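Enquirer: build the 3D model from these lines:
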Amino acid sequence: MSSGDRQRDADARRFASRRWVVAAALAPVAAGAAAGTALSSRADAGDSAGARRRKLIEPVPTTDADWRGVAGALGRVGNMMRGTVYHTGFPRRDLSVASHGVPVAPALALGTHVGFVRYADGHTLMMGDVVVEEGELQEVTAALQEHGIEQTAIHKHLLSQAPDVWWTHVHAHGGDPLVLARGLRAALDRTATPPPLPGEPSARVDLDREGIDAALEAKGYAEDGIYKCLFVRREQITDNGMVLPPGLGSTTAFNFQPLGGGRAALNGDFAMVAKEVQSVLKALTQGGVNVVELHNHGLTDEPRLFFVHIWAVDDAVRLARVLRGAVRLTNVVHAGDLPVAAM
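Expert: Numbering: from 1, shown residues only. You can find the predicted model right below:
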């Protein structure tokens with residue numbers, strides 16, 4: 001072997017030795033990475049299995065009698081909805097609000113609403129939204145925080161309004177419904193929300209109600225001089241592990257206020273999942289319905305819901321046709337068509 005060949009052979013042995021040393025040094029790192037990947041995969045699988053094992057908490061049926069203490073704390077009597085939701089309304093009859101020069105009736109868009117639901121684990125969920133003047137908002141926020149009630153949205157339902165009015169969505173969960181009710185009452189006491197009025201006949205609704213029903217392909221109802229129609233998401237909606245009763249925090253609602261000559265002021269909102277939003281917005285705006293707000297009402301709902309608030313002034317039946325076209329783009333059912341068990 002020549003001296004050149006011997007030199008090349010020595011260099012090859014040294015290179016192979018260095019390559020072996022490097023590989024040996026890196027082997028524990030690679031092994032650790034592989035082990036970490038395996039552990040991570042097992043942990044992920046365990047988390048998924050654990051999530052599947054965790055059961056959602058179901059609402060339980062209640063009656064008006066179960067909520068007498070809540071009614072006392074709130075200072076007014078509510079009503080049962082669909083057998084599980086105790087609902088109370090607080091119309092802001094003290095406010096004189098106009099939007100685009102149209103006087104807004106309290107039942108059109110100025111109502112505070114709250115629902116209470118009892119769950120199988122004995123806890124109670126409270127959800128709703130509170131109507132406040134701009135000058136009341138910070139005081140209400142402070143009172144809610146003081147009593148452990150969360151705010152999940154703060155926004156407007158009306159355009160070009162005077163005076164400025166805001167809506168704050170509230171959410172709380174606890175073992176004692178009276179504590180929740182008293183906390184809400186403390187917040188409402190920071191507003192000029194008036195006491196309830198004695199029962200009186202509902203004002204006549206001067207609209208083509210049959211025409212509206214035909215256009216919407218759904219039956220509406222009159223309440224406090226406003227013609228209303230309600231749709232509910234078909235999916236099961238959950239919030240932080242709790243199954244929400246049909247319609248709680250997941251309704252598409254339309255309110256028609258008569259303006260004479262078959263015309264109406266329209267206010268309301270659509271409940272949508274993400275993939276429905278853009279098609280609904282296009283259907284509404286192309287039909288002459290104004291979009292007011294696009295936002296969420298909750299923080300931990302699944303599937304994630306988005307809401308668009310709407311406003312329009314036009315012939316009521318024509319508006320109902322536009323709404324029906326948009327409703328068809330969403331996965332909802334008319335509230336009156338819910339199975340008896342869901343009612």
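
Enquirer: on the three-state scheme, the nearest residue to T112 once chain neighbours are set aside is what?
Expert: With Cβ to Cβ, 6 or more residues apart in numbering as the criterion, T112 has its nearest non-adjacent residue at 3.8 Å, and that residue is F90. Glycine gets a C-beta too; all of them are placed from N, C-alpha and C. For F90, the secondary structure call by DSSP: H, G, I helix; E, B strand; the rest coil comes out as strand.

Enquirer: the one 3 residues further on now?
Expert: Per three-state DSSP, the secondary structure class of R93 is coil.

Enquirer: count of neighbours near it?
Expert: 17 (other Cβ atoms under 10 Å).

Enquirer: looks like it contacts P195 (just checking).
Expert: No: the criterion here is Cβ atoms under 8 Å, and R93 misses it with P195 at 9.7 Å.

Enquirer: burial count for I149?
Expert: For I149, the neighbour count with other Cβ under 10 Å is 22.

Enquirer: excluding chain neighbours, what is closest to it?
Expert: Using Cβ to Cβ, 6+ apart and skipping the chain neighbours, the partner closest in space to I149 is A172 (4.5 Å).

Enquirer: domain ranges for the protein, per the record?
Expert: Domain assignment for the chain, taken from automatic domain parsing, gives 1-48, 58-200, 205-343.

Enquirer: can you tell me how far the residue nearest the centre of the chain is from F256?
Expert: Among the residues of the chain, the one closest to the centroid is H297, at 3.7 Å (Cα atoms, centre = their mean). Going from H297 to F256 by Cβ to Cβ, to the nearest Å gives 22 Å.

Enquirer: dump the C-alpha coordinates for stretch 78-87 into CSV.
Expert: Taking Å, rounded to 0.1, in the frame of the first residue of the first chain, the C-alpha atoms of stretch 78-87 are listed here in CSV:
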residue,chain,number,x,y,z
GLY,A,78,-91.8,35.4,36.0
ASN,A,79,-93.1,32.5,33.9
MET,A,80,-92.0,29.0,32.9
MET,A,81,-90.7,28.4,29.4
ARG,A,82,-90.5,24.9,27.9
GLY,A,83,-90.7,23.3,31.3
THR,A,84,-87.1,24.1,32.4
VAL,A,85,-86.5,27.9,32.1
TYR,A,86,-87.9,30.3,34.6
HIS,A,87,-88.0,33.6,32.6
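
Enquirer: give me the residues contacting that stretch.
Expert: 59-64, 66-67, 70-71, 88-89, 113-118, 245-248, 338, 342-343 (Cβ atoms under 8 Å, 6 or more residues apart in numbering).

Enquirer: 7 Å - rerun?
Expert: If you take Cβ atoms under 7 Å, 6 or more residues apart in numbering as the criterion, stretch 78-87 is touched by 59, 61-64, 67, 70-71, 88, 113, 115-117, 245-248, 342-343.

Enquirer: and what of stretch 113-124?
Expert: Stretch 113-124 is contacted from outside by 57-60, 62, 66-67, 70, 84-89, 125-129, 173-175, 177, 180, 184, 242, 245, 248, using Cβ under 7 Å, 6+ apart.

Enquirer: just the ones of the residues you listed in helices?
Expert: Using DSSP state H, the subset of the contacts of stretch 113-124 located in helices is 70, 177, 180, 184.

Enquirer: ok, of those residues, which one's closest to V104?
Expert: Among these, L184 lies closest to V104 (Cβ to Cβ), at 23.7 Å.

Enquirer: look up how far V85 lies from that closest one.
Expert: L184 is 15 Å from V85, by Cβ to Cβ.

Enquirer: the more surrounded of the two?
Expert: Per other Cβ under 10 Å, whichever of L184 and V85 has more neighbours is L184, with 27 against 23.

Enquirer: need the contact list for the more buried one.
Expert: Residues near L184 by Cβ under 7 Å, 6+ apart: 74, 114, 126, 149, 170.

Enquirer: if we can go back for a sec, what's the local residue count around the residue nearest to T112?
Expert: Using other Cβ under 10 Å, F90 has 24 other residues around it.

Enquirer: which ones are touching it?
Expert: Here F90 is in contact with 111-112, 188, 193 (Cβ under 7 Å, 6+ apart).

Enquirer: from T191, how far off is it?
Expert: Remark: distance between F90 and T191 (Cβ to Cβ) = 9 Å.

Enquirer: what's in contact with stretch 249-264?
Expert: Applying Cβ under 7 Å, 6+ apart, the contact partners of stretch 249-264 are 105, 108-109, 127, 205-208, 212, 226-233, 237, 244, 265-271, 297-298, 301, 305, 313-316, 319, 323, 327, 330, 332.

Enquirer: circling back: next up, the contacts around the residue nearest to I149.
Expert: So A172 contacts 126, 148-150, 180, 183 (Cβ under 7 Å, 6+ apart).

Enquirer: next, format the residues you listed as CSV and append pLDDT and distance to A283.
Expert: What follows is the contacts of A172, written out as CSV (pLDDT from 0 to 100; distance: Cβ to Cβ, whole Å):
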residue, pLDDT, distance to A283
M126, 98, 34
G148, 98, 40
I149, 98, 36
E150, 98, 33
L180, 98, 38
G183, 98, 40
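
Enquirer: and which of the residues you listed is nearest K275?
Expert: Closest to K275, out of all of those and judged by Cβ to Cβ, is E150, at 27.3 Å.
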